[in-house]
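structure of the sequence below:
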Amino acid sequence: MIMKESKIIDVARRANVSPATVSRVLNGSNLVNAKTEERVLQAIRELDYIPNNMGKQLRSRKTMNLAVVVSDVRVSYYAEIIKGIENMANSLHYNVLICDAQNEKAKEREFLSLLMNRTVDALILVTPNLSDEEIAVYADNGYMVGLIGRKIEHARIPCSFTDNIKLAQEVVFHLAEQGHRKIAFLSGYADATDSIERLEGYVKALKACGIPFEPALVENGDFSEEGGCEAFHRLCSSGADFTAVFAANDEMALGVYKACNELGISIPEQLAVAGVDNIRLTNYVTPRISSVEQPLYAMGAVLAEKLIDQMNDNVWAEKRCFKVDAKLVVKESSKGAE
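Coordinates of the predicted model:
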């Protein structure tokens, strides 16, 4: 018996919405409320609907293009990842399109439409804000999606990532070993996996060191230099007592340096600072910033290679997730407390 292929009208009926609403969901529109959107996504899953007007015939054609979606193209963290993706993809005769989501979920959804209209063969999301369930819908319908900086439990979605909890613990343990008992934490975007997991590692490490967790010592710096500077000013204005700052990325650590310069605070004599990513700029400021080094280039290259392999020979079918090691590089900024 030949099963009838589901159409957009079938999804609309199942979800009790109009076909136009289904189309808006598939194209990442922000005009659909969350409850309606979830109802449509559930209908898509139940009907195994493949949102592609040209069907399987068009799906089989290759564009030899990949798209990489980053949260903010201005952040240095993404540069090495993109370089790794591009070099690997180019060596395998694929072109790479760079997409800046500007920290907006709606834009991430819009870029996913590049898969449906066959502009690209596959799409790589770097630390996306979209939920696992939302991303899984595309993989379930045959589209090629990969993730960097986050792990998702899905047989068709390759991932490369570091252990954010472990790396955050390593930073806190180091600062505690230097004598610091009052350690502030600058987080990134509230919904970002990196923020959530690094905060979790920070809290766990404090507990392991016998240091009470103080919510007043946690601020949000949005992973940007400006955000880090503003977050540090808020900490100081609040009267919070701390001798060290752990910034969840180096951009925010640089913001702390800017704020300290404005406030006349000496690093490391009056304040220890540590970050994450070990970007090149951390070596060009004085004192150099202690930072967790992630193999960003390798994370990009291995994910691109796996995704392209999955579209072709798939010789690594059993190897989907790639966990890479990170290490703290101790420099002058995290000298022990006086």
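
shouldn't Pro287 be in contact with Glu332?
Yes: here Pro287 reaches Glu332: they are 3.4 Å apart, a contact under C-beta atoms under 8 Å. (Each C-beta comes from the backbone N, C-alpha and C, glycine too.)

and for those two, which residues touch both?
Pro268 (C-beta atoms under 8 Å, 6 or more residues apart in numbering).

check contacts around Val145.
With C-beta under 8 Å, 6+ apart, Val145 has these contacts: 112, 115, 122-125, 135, 138-139, 156-157.

should've said Thr282
250, 253-254, 275, 288-289, 291, 331.

repeat for Val218
Taking C-beta under 8 Å, 6+ apart, we find Val218 in contact with 184-187, 199.

just the buried members of those residues?
Using 16 or more other C-beta atoms under 10 Å as the burial test, the contacts of Val218 include 184-187, 199 as buried.

phi, psi of the residue nearest the centre of the chain?
The chain has Thr127 as the residue nearest its centroid, 1.4 Å off, counting by C-alpha atoms, centre = their mean. Backbone geometry at Thr127, expressed as degrees, to the nearest 10, gives phi 40, psi 60.

Ala253 versus that one, what's the distance?
Relative to Ala253, Thr127 is positioned 18 Å away (C-beta to C-beta, to the nearest Å).

excluding covalently adjacent residues, which one is nearest to Arg24?
The shortest distance from Arg24 to any non-neighbouring residue, by C-beta to C-beta, 6 or more residues apart in numbering, is to Val32 (5.2 Å).

domains of this structure?
Taking automatic domain parsing as the criterion, the chain consists of the domains 1-49, 63-162+297-323, 164-293.

could those go into JSON lines alongside mean pLDDT?
Below are those laid out as JSON lines (pLDDT from 0 to 100):
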{"stretch": "domain 1-49", "mean pLDDT": "77"}
{"stretch": "domain 63-162+297-323", "mean pLDDT": "91"}
{"stretch": "domain 164-293", "mean pLDDT": "96"}
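
the helix or strand hosting Tyr297 packs against which elements?
In this structure, Tyr297 sits in helix 296-311 according to DSSP states H and E. Here helix 296-311 touches strand 65-70, helix 77-91, strand 122-126, strand 144-148, strand 159-161, strand 321-323, going by 3 or more C-beta pairs under 8 Å, 6 or more residues apart in numbering; DSSP states H and E.

tell me the buried residues in it?
Applying 16+ other C-beta under 10 Å to helix 296-311 flags 296-310 as buried.

returning to what we had before: just the contacts of Val145 now: which is nearest Gly228?
Using C-beta to C-beta, Leu125 comes nearest to Gly228 of the contacts of Val145, at 24.3 Å.

could you give the bridge partners of that closest one?
Beta-bridge partners recorded for Leu125 (DSSP bridges): Val69, Leu147.

quick one: it from Val292, how far?
Leu125 is 22 Å from Val292, by C-beta to C-beta.

try Tyr284
Tyr284 is 18 Å from Val292, by C-beta to C-beta.

quick one, which of the two is more surrounded?
Val292 (26 against 9; other C-beta atoms under 10 Å).

contacting residues for the more buried one?
167, 170-171, 274-278, 326-329 are the contacts of Val292 under C-beta under 8 Å, 6+ apart.

for stretch 331-338, give the mean pLDDT please.
Taken as a whole, stretch 331-338 has an average pLDDT of 78.

what's the neighbour count on Asp44?
You called it Asp, but residue 44 is Ile. 25.

could you list every helix and strand that the host helix or strand of it packs against?
Using DSSP H and E, the element containing Ile44 is helix 34-47. Applying 3+ C-beta pairs under 8 Å, 6+ apart, one finds that helix 34-47 contacts helix 8-15, helix 19-26, helix 132-140.

reformat these as TSV; add distance to Glu226 and mean neighbour count.
Formatted as TSV, those follow (distance: least, C-beta to C-beta, whole Å; neighbours: other C-beta atoms under 10 Å):
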stretch	distance to Glu226	mean neighbour count
helix 8-15	42	18
helix 19-26	34	20
helix 132-140	29	18
